[in-house]
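> model this:
(chains A, B, C, D, E, F and G)
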Amino acid sequence: MQDQNQQAYDRGMTIFSPDGRLYQVEYAREAIKRGTASVGVRTTDGVVLAADRQVRSPLVEEQSIEKLHRIDDHIAVASAGHVADARQLIDFAREQAQVNRLRYDEPIGVEALAKEVTDYIQRHTQSGGVRPFGTALAIGGVDPDGTPKLFETDPSGTPYEWQATTIGGNRETLMSFLEDEYRGDVDLDAGITLALETLAQSNEEIDPEAVEVSVVDTEIHRVRSLEAEEIDGHLAEFGGADDE
Amino acid sequence: MQDQNQQAYDRGMTIFSPDGRLYQVEYAREAIKRGTASVGVRTTDGVVLAADRQVRSPLVEEQSIEKLHRIDDHIAVASAGHVADARQLIDFAREQAQVNRLRYDEPIGVEALAKEVTDYIQRHTQSGGVRPFGTALAIGGVDPDGTPKLFETDPSGTPYEWQATTIGGNRETLMSFLEDEYRGDVDLDAGITLALETLAQSNEEIDPEAVEVSVVDTEIHRVRSLEAEEIDGHLAEFGGADDE
Amino acid sequence: MQDQNQQAYDRGMTIFSPDGRLYQVEYAREAIKRGTASVGVRTTDGVVLAADRQVRSPLVEEQSIEKLHRIDDHIAVASAGHVADARQLIDFAREQAQVNRLRYDEPIGVEALAKEVTDYIQRHTQSGGVRPFGTALAIGGVDPDGTPKLFETDPSGTPYEWQATTIGGNRETLMSFLEDEYRGDVDLDAGITLALETLAQSNEEIDPEAVEVSVVDTEIHRVRSLEAEEIDGHLAEFGGADDE
Amino acid sequence: MQDQNQQAYDRGMTIFSPDGRLYQVEYAREAIKRGTASVGVRTTDGVVLAADRQVRSPLVEEQSIEKLHRIDDHIAVASAGHVADARQLIDFAREQAQVNRLRYDEPIGVEALAKEVTDYIQRHTQSGGVRPFGTALAIGGVDPDGTPKLFETDPSGTPYEWQATTIGGNRETLMSFLEDEYRGDVDLDAGITLALETLAQSNEEIDPEAVEVSVVDTEIHRVRSLEAEEIDGHLAEFGGADDE
Amino acid sequence: MQDQNQQAYDRGMTIFSPDGRLYQVEYAREAIKRGTASVGVRTTDGVVLAADRQVRSPLVEEQSIEKLHRIDDHIAVASAGHVADARQLIDFAREQAQVNRLRYDEPIGVEALAKEVTDYIQRHTQSGGVRPFGTALAIGGVDPDGTPKLFETDPSGTPYEWQATTIGGNRETLMSFLEDEYRGDVDLDAGITLALETLAQSNEEIDPEAVEVSVVDTEIHRVRSLEAEEIDGHLAEFGGADDE
Amino acid sequence: MQDQNQQAYDRGMTIFSPDGRLYQVEYAREAIKRGTASVGVRTTDGVVLAADRQVRSPLVEEQSIEKLHRIDDHIAVASAGHVADARQLIDFAREQAQVNRLRYDEPIGVEALAKEVTDYIQRHTQSGGVRPFGTALAIGGVDPDGTPKLFETDPSGTPYEWQATTIGGNRETLMSFLEDEYRGDVDLDAGITLALETLAQSNEEIDPEAVEVSVVDTEIHRVRSLEAEEIDGHLAEFGGADDE
Amino acid sequence: MQDQNQQAYDRGMTIFSPDGRLYQVEYAREAIKRGTASVGVRTTDGVVLAADRQVRSPLVEEQSIEKLHRIDDHIAVASAGHVADARQLIDFAREQAQVNRLRYDEPIGVEALAKEVTDYIQRHTQSGGVRPFGTALAIGGVDPDGTPKLFETDPSGTPYEWQATTIGGNRETLMSFLEDEYRGDVDLDAGITLALETLAQSNEEIDPEAVEVSVVDTEIHRVRSLEAEEIDGHLAEFGGADDE
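Alright, predicted model coming up:
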């Protein structure tokens, strides 16, 4: 899977390989592929984040396998990859959101937050003594002016804005589904269904208990987590519900 | 047991392997498997922690082989793995609990404590110059609002909530037993028996002197260590007592 | 692609090879070649920067793949190579521009800015514990005295002034085209067309939506981004428009 | 004695091996086995520490080969292993005892002291830039409430309480003798004889001049070193005296 | 080109080889040979610095390929080798000249400046965490007392004074020419011609636009850059002009 | 002389080998064996230090090859091994003696000084970034209460008290002679002769000019260096004088 | 020239080899042998330092190849080896001399200066992150009490006093000549001739321009550099002058 040359760039710190790659960053991307998928969909009246909780044991409290995190009233984040790393980024994002409120007395913009987070990630790829974050985030929210926004971060520290995206395992399959199905005029309700249907591409069926969905709509500008019955309703729309 | 590639990721600091793994974290997990088992069970009216003390010599004072530790009035911890590392985490947890009382004048929540501890653990996996902690903790307690809670930490710094769990050696056997036997409506009394019966899966018989059991119930919200005769009584319920 | 000797100079920090080269800097140059191209053209009445956005997915918001960045009223920058690294340099450049305004109460000169940035880049090639920036910048603007200027930075930290230049992938082809076509008396309007025609050397056709063009003219001294229809008009001049 | 894999974990700092071991800590334990033995015995009315001085030359002042050290009025320590490392731990222990008196105006408990020392030892196994201590301590004393206590520390930083223990060379032989002969109701006088008889298991005969014995009794709570004639008397009880 | 032994001294920091050499310093000298040549000539009534600008593309602004730098009113510097490193030394030299004026209210002596710069260079060869400078400087000027002076620095940090010297590529050829042709009684005018003729030894013909010449004369004590027509005149004296 | 395993423990810092040894400390001991011998003898009325000066050339000023050093009025030190390292320890010892006088207004005890020095030595064996001292000291003096004392330090940082000892080259031969000849009731005069006779075991004859002798007697408590004629007289007593 | 074992001790920092040697220090000594020779001679009425300037090119200003340096009114230094390193030690020595005057209002003693310098050198052999100095100094002067003194420093940091010595290339030949020819009652005038005659042992003839001689006499206590004609006169005494 790797040859001798590649080995030479793995030790000690993140440096360039002869073909201009940063292997530690690429390996961190592999850590993301090892996790379960999350999906983000931007709609005309809000943003949807949906995530699949990989339950290792029936004794784990499913809600403790957080994949979706509230950052501020108006911004939520879906994470994929190395869980402990993701928690550090979530904490960093929450601090940035708070700092913005204290300093400017207004909520932080979604893009501004994404850029603070990616700057922080980038510094972990250029200085010695630390390793990159093995985690990707989908950052969704509604800007103070009412515009829904969806950003994604990767281990290199690049922020891109998306109409809809997926992070974590099975990305190729899910992304291809999203690219086929996504329409720019999708509304929040249809967006939830689309997000769940995208997630369903990696599993045969979806247990409503094992799925998390958070939305931020353009009306009340607040993160809201969907109840299991709401999720159930959306699953029914495309026949994706687990008939348990 | 390991090939050449794997060796390359073991030296100096915790970095990603080409397939996105952190070998030092995985090796720290091996340190946990080398220890004896501890069990945590959440019940309707409290949390149970039980641990097996591996006695190296009859001359060791058994109570000095602490596997269960009181963190605050309402939270106890079971540890497994590298004993000296565990003590550092215990001390850190106690400080966090004290800080919370000083700062907010109220006891720390079980989840809040688990997250402080896992943040601390995670930092030992991302910065150079330190190694990960070779220890796992089961953190059990009753929240200020009276809810029993059980969390587990691992060397990556991931906090998960459990209904019942086991850390340390023989995890597969014990976990499988717990998954079969645990019912969500178990009460504290039955929970103690279940915890001991789970521990008994790795030993043929259990010496009540060699077992520690701590409970935090939802009534008085305080950590209480069971006396040997109490333990004996529970062992009798499933015939697990050492007939010495 | 590399022999044993070369490997020896890749680890840990940027040091000289026996033939006096800094391999980490050369590898960072490879990172630049992996990106899409940007073009800068200095004209008699302003500077043009044009960039091709490599769109990985139709779901990415094209405008978030920023290749052109406003540094101050009168200076813009095109970047190529490692995106996250570029963002750090952009932020650094913006700070320098602000500092200049605060300290001297006047806009920073284009050359002064280019030199601040390259000093910062050079320090990342001489001290241990950091790696070079895998990014090149074309810095274009109009000096306070009304002179249009175009500079380029590379991973070694060398600033050169250009009449017209290209950074990123396909440099040889694009540069050769520029060298043939560029005339010193080109005006801003013709300069825009030349920049787009140069970009078109790497693609068969150009989607006006996928191209960014920024200009700073000598009249109003301000960075202005061209609208899609403006770009379209220029593409029509050389038949480079995507007939979609 | 070691294979290739093992070598990989010996360099630079203390990190985990693939099977979860800390080799530098295990090698430090080997340093302890290279020294002479010390014995600690807890009795009903005090604690006994006894040590064998390995005299390299008749010209060495035997009393300068300290194996037993007074930490405070009520606590003494026996050391084994790397002598210079032991001295650092002894100094650290004395400081902790003094600090306790200054801060709380009372003598430090034996267990509290043992835990301060082992925390200090553990930190030398987790951070880079230092090596573990190649030394073990038997810490004996009488608590402020009059209870005799005996603790042992090892290079991992684990504190255990013992009824009786031995550190240093020949541990297996001496420990097995102690386990056979120790009774929980032994009094101080018999404890001294037992400690000396245990030491005698590694030598054929014992030179009373070459043996150190310190006791802390529950009456006066003070460390007292036995005179040679006292030691002689105890040796006579089991025929262990050197008939020189 | 190098054997195994040599490799051992290239990594991490600048240390001695068994035969007492500092390879990183020697490799930095190779970086200098890779650049174009500069020439310095001391004359009876001033100092001449001349440099060849290696133009990579007709689109580069030739004057931005600075090889000659004004340090203070009365001192100029020619650089060769790694361009970005040279810029750091130039900046350092300018600061030293300014500091001297501020502290002593008089211009810095040429030798004093050369020694400040070489001390700075030497520190980059003895401490870890940095690499040597891959650059050589010819420092020419007129001392406050009116004496023309010419110094040269190398990557080891040794300052030597010269009557005439050359740095950069083709040193052997150019130096040998200078040694044959230089006379101590050369005046400034003849010195300019000699400097250009020396440069011409590496190229067949010289493009007056591609050559920089700076002089500091003993009358006005100020750095002056020659215009292209002046250079042309001197080239004509030895038939070195490009007949373009 | 060494196998592969041993090599692994020599690099970077002082760490344990699998058999619990610190090779850097053992190699530092080899540095001591490479030097000339010094002898220390404790007598009933003072301490004697004697040293052999290895003269590399007749042009060296013999007294500059100091082997004996005055630390304070009442304490002298003989050194062996790496000369430059010894000088650092001598300086450290002198500072400690001064500090003691300033702080407590009384001369430092010989044992207290020996322990300050060995603590300092030990720290050089446990922390990274420094190497051990390649030097041994014999510290002789008269305590404030009039007791003569003789201590020895080695590269591990262990302080032992001796009646008589030898450090440096030929230790086995000289020590064996001392063990045979030393009597506890030797007086200062006889002690000087014994020290010189011990030194003579490594050379056939002793040049009184090449030998240094310092004594501290219990009457005046002051370090005194013997004149050549005094030394001559003692040499005559055992026929050890060079008949030059 | 070196075997595998030796290689192991060359990297990163100065540590002991199994036979107790510091290879980096020994390699630094090789750097000294690569330079030209300097000679120091102590006479009844002053000290002589003489040095051979290795002129690389007739265009180098010979006086800039300083081998002799004035440290203070009454002390001069001859250097050999790595020129840039020597300059750092010279600067350090000058600072120490100034500090002494400021602090004690009197000139520094020659021995005191030599020891300050060697302490500084030694620190570069024991701590990581720096390499030893590749330079030797002969420090000559007249003490405040009128005594002429001559010291020598080496890369280990050992100070020895000499009647006459030589540093740099060809040491064996020159030292052997000095040992044969030096007499303790040589006066300053004869000492100059002896120093030059010693230098002449490595060259067939000596160019008075290429030789530097400095003296400090016991009458005026000041460093004086000899003029070329004076040198010529001394060369004539032994027929060593270049008959150019």
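> quick one: is the helix or strand where residue A:97 lies near chain C?
Element membership for residue A:97, per DSSP states H and E: helix A:83-104. No - Helix A:83-104 lies apart from chain C when judged by Cβ under 8 Å from any Cβ of the partner chain; the minimum separation is 14.4 Å. Where you see a C-beta, it was placed from the backbone N, CA and C, and this is true even at glycine.
> What residues of that helix count as buried?
Neighbour counts over helix A:83-104 (16 or more other Cβ atoms under 10 Å in any protein chain shown) mark A:83-90, A:92-94, A:96-97, A:100 as buried.
> Which strands or helices does whichever strand or helix holds residue A:178 pack on?
Secondary-structure assignment from DSSP H and E places residue A:178 in helix A:171-181. Packing partners of helix A:171-181 (3 or more Cβ pairs under 8 Å, 6 or more residues apart in numbering or on different chains; DSSP states H and E): strand A:38-43, strand A:164-167, helix A:188-200.
> Now tell me what touches the first one from outside.
This means strand A:38-43. A:47-52, A:67-68, A:78-80, A:138, A:140, A:148-150, A:152, A:162-168, A:174, A:178, A:182, A:186-188, A:190-192, A:194-195, A:198-199 (Cβ atoms under 8 Å, 6 or more residues apart in numbering or on different chains).
> In PyMOL, how would I select just the buried ones from the residues you listed?
Restricted to buried positions by 16+ other Cβ under 10 Å, the PyMOL selection for the contacts of strand A:38-43 reads:
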select buried, chain A and resi 47+48+49+50+51+52+67+68+78+79+80+138+140+148+149+150+152+162+163+164+165+166+167+168+174+178+182+186+188+190+191+192+194+195+198+199
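> Show me what counts as buried in the host helix or strand of residue A:236.
In this assignment (DSSP H and E), residue A:236 forms part of helix A:228-238. Buried residues in helix A:228-238, defined by neighbour count with 16+ other Cβ under 10 Å: A:231, A:232, A:233, A:234, A:235.
> ok, the last one touching residue A:210?
No - with contact defined as Cβ atoms under 8 Å, residue A:235 and residue A:210 do not form a contacting pair (11.2 Å).
> coming back round to it: nearest approach to residue E:62 belongs to which of the helices and strands packed on helix A:171-181?
Of all these, it is strand A:164-167 that lies closest to residue E:62, at 47.7 Å by Cβ to Cβ.
> That closest one - contacts with which helices or strands?
The contact analysis (3+ Cβ pairs under 8 Å, 6+ apart) places strand A:164-167 against strand A:38-43, strand A:75-81, strand A:135-142, strand A:148-153, helix A:171-181.
> How about residues contacting that strand?
The contact list for strand A:164-167 (Cβ under 8 Å, 6+ apart) reads A:32, A:37-42, A:78-81, A:136-138, A:150, A:152, A:174-175, A:178, A:182, A:194, A:198, C:57, C:59.
> go on, stretch A:170-187?
A:33, A:37, A:39, A:41, A:43-45, A:163-166, A:194, A:197-199, A:201-202, C:57-59.
> Let me see the mean pLDDT of it.
Mean pLDDT, computed over stretch A:170-187, is 95.
> What residues of that stretch count as buried?
Burial within stretch A:170-187, assessed by neighbour count using 16+ other Cβ under 10 Å, is assigned to A:170, A:171, A:174, A:175, A:177, A:178, A:182, A:186.
> so which strand or helix has the last one?
Under the criterion DSSP H and E, no helix or strand holds residue A:186.
> ok, back up a step: and the buried residues of helix A:228-238, which is closest to chain E?
residue A:231 (55.0 Å; Cβ to the nearest Cβ).
> what's the spacing between the closest one and residue D:210?
Distance, residue A:231 to residue D:210, using Cβ to Cβ, to the nearest Å: 79 Å.
> ok, now residue A:35?
Where residue D:210 is concerned, residue A:35 sits at a distance of 64 Å (Cβ to Cβ).
> and what of residue A:198?
Separation of residue A:198 from residue D:210 (Cβ to Cβ): 80 Å.
> try residue A:192
Applying Cβ to Cβ to residue A:192 and residue D:210 gives a distance of 83 Å.
> Equivalent analysis for residue A:194, please.
The spacing between residue A:194 and residue D:210, counted by Cβ to Cβ, is 85 Å.
> three-state assignment of the nearest residue to residue A:106 once chain neighbours are set aside?
In space, and not counting its chain neighbours, residue A:106 is closest to residue A:144: 6.1 Å by Cβ to Cβ, 6 or more residues apart in numbering or on different chains. Using DSSP: H, G, I helix; E, B strand; the rest coil as the criterion, the local structure at residue A:144 reads coil.
> list the contacts for residue A:144?
For residue A:144, the contacting residues are A:74, A:106, A:107, A:109, by Cβ under 8 Å, 6+ apart.
> okay, these in CSV with distance to residue E:14 next?
Listed next are the contacts of residue A:144 as CSV, based on distance: Cβ to Cβ, whole Å:
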residue, distance to residue E:14
A:74, 54
A:106, 53
A:107, 53
A:109, 48
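> For those residues, pick the one with the most neighbours.
For those, the largest number of neighbours (other Cβ atoms under 10 Å in any protein chain shown) sits with residue A:74, at 26 neighbours.
> Go ahead and confirm that residue touches residue A:141.
Yes - contact criterion Cβ under 8 Å: residue A:74 and residue A:141 qualify, at 5.0 Å.
> what is in contact with the two at once?
A:216, A:223.
> mind checking how far the closest residue to chain E within chain A is from chain C?
Here chain A gets closest to chain E at one residue, residue A:128, 10.3 Å apart by Cβ to the nearest Cβ. With distances taken as Cβ to the nearest Cβ, to the nearest Å, residue A:128 is found 4 Å from chain C.
> Let me see the confidence value for that residue.
Reported pLDDT for residue A:128: 73.
> What parts of chain A come near chain C?
Neighbours of chain C within chain A, by Cβ under 8 Å from any Cβ: A:5, A:8-9, A:11-22, A:115, A:118-119, A:121-122, A:125-129, A:151, A:156-165, A:175, A:178-179, A:182.
> Just want the phi and psi numbers for the residue nearest to residue A:106.
The phi and psi torsions at residue A:144 (degrees, to the nearest 10) take the values phi -50, psi -30.
> give the contact list for residue A:100.
So residue A:100 contacts A:106, A:107, A:108, A:112, A:113 (Cβ under 8 Å, 6+ apart).
> Which residue of residue A:35 and residue D:210 possesses the greater neighbour count?
Comparing residue A:35 with residue D:210 by neighbour count (other Cβ under 10 Å), the higher total belongs to residue A:35, at 24 against 19.
> what about that one, distance to residue A:166?
Counting by Cβ to Cβ - residue A:35 and residue A:166 are separated by 12 Å.
> quick one: low-confidence ranges for chain A?
A:1-13, A:204-205, A:241-244 (pLDDT under 70).
> cutoff 50 now
The model of chain A has pLDDT under 50 over residues A:1-12, A:244.
> what residues are up against residue A:89?
Contacts of residue A:89 (Cβ under 8 Å, 6+ apart): A:79, A:117, A:120, A:121, A:133, A:135, A:137, A:153.
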